[in-house]
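> Okay, structure incoming, though there's no sequence with it:
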């Protein structure tokens, strides 16, 4: 089991705030401690962002934009303790054949957030919460997938055929406003499936009356302890000067 100082050390390395002046908190709550079907050593859980100073009105986790490559630096990433990104998020894509031999791969960057699915050992896909009430979408939800490397890769259909494909990716991106009626001091942002030996790097901005920078590394709990923990990680996301 990892010690809490891992988070503190990571925050210090990134120049983040202390708990006393935090305006935002990120938690990774394990809802699916495993064993996940075909994914030994992986866990699934919900990434939640909570504000102590009002409703969250928008979030910026970047996106793909050739004219603004810096947008790709924002997002939800699989990483190590130092923030170096690596393929670790288990991802599901589907493939369809048009009957002429042309295969179209479709990512699945959004998914349902029902309690039954969030605790289902067969739910092995990382995705954003599709129930977020969007407004003024800047970058639609997207995911990166290597279409390889997943322990589930042996179940993939042969190359050139339709079906379900699995792979590991290192990032998810999404930037949107939240409709007024759906705003709250917290948001369940994404369901993530990744190795318990890994870390989650969350980097972007959250709007709570004003934009607040967000940069945090959260360790993923071991499967043996995940079922006993209500929160898999707690970390500081933003600095706000108090008056």
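Noted; the coordinates are in hand. Everything numeric here is computed off the predicted structure, so don't read it as measured data.

> which of the residues in stretch 98-107 are buried?
Using 16 or more other Cβ atoms under 10 Å as the test for burial, stretch 98-107 gives residue 107. Any C-beta I mention is one placed from the backbone N, CA and C, and that applies to glycine too.

> Look at that stretch and report the distance between its end residues.
17 Å (Cα to Cα, to the nearest Å).

> now what about that stretch, what contacts it?
With Cβ atoms under 8 Å, 6 or more residues apart in numbering as the test, stretch 98-107 has contacts from 91, 93-97, 142-143, 145, 147, 160-162, 165.

> want to throw these into JSON lines with pLDDT and distance to residue 125?
Listed next are the contacts of stretch 98-107 as JSON lines, based on pLDDT from 0 to 100; distance: Cβ to Cβ, whole Å:
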{"residue": "91", "pLDDT": "95", "distance to residue 125": "6"}
{"residue": "93", "pLDDT": "88", "distance to residue 125": "9"}
{"residue": "94", "pLDDT": "86", "distance to residue 125": "11"}
{"residue": "95", "pLDDT": "82", "distance to residue 125": "15"}
{"residue": "96", "pLDDT": "81", "distance to residue 125": "17"}
{"residue": "97", "pLDDT": "77", "distance to residue 125": "21"}
{"residue": "142", "pLDDT": "97", "distance to residue 125": "14"}
{"residue": "143", "pLDDT": "96", "distance to residue 125": "9"}
{"residue": "145", "pLDDT": "87", "distance to residue 125": "10"}
{"residue": "147", "pLDDT": "81", "distance to residue 125": "13"}
{"residue": "160", "pLDDT": "63", "distance to residue 125": "23"}
{"residue": "161", "pLDDT": "68", "distance to residue 125": "20"}
{"residue": "162", "pLDDT": "73", "distance to residue 125": "18"}
{"residue": "165", "pLDDT": "86", "distance to residue 125": "11"}
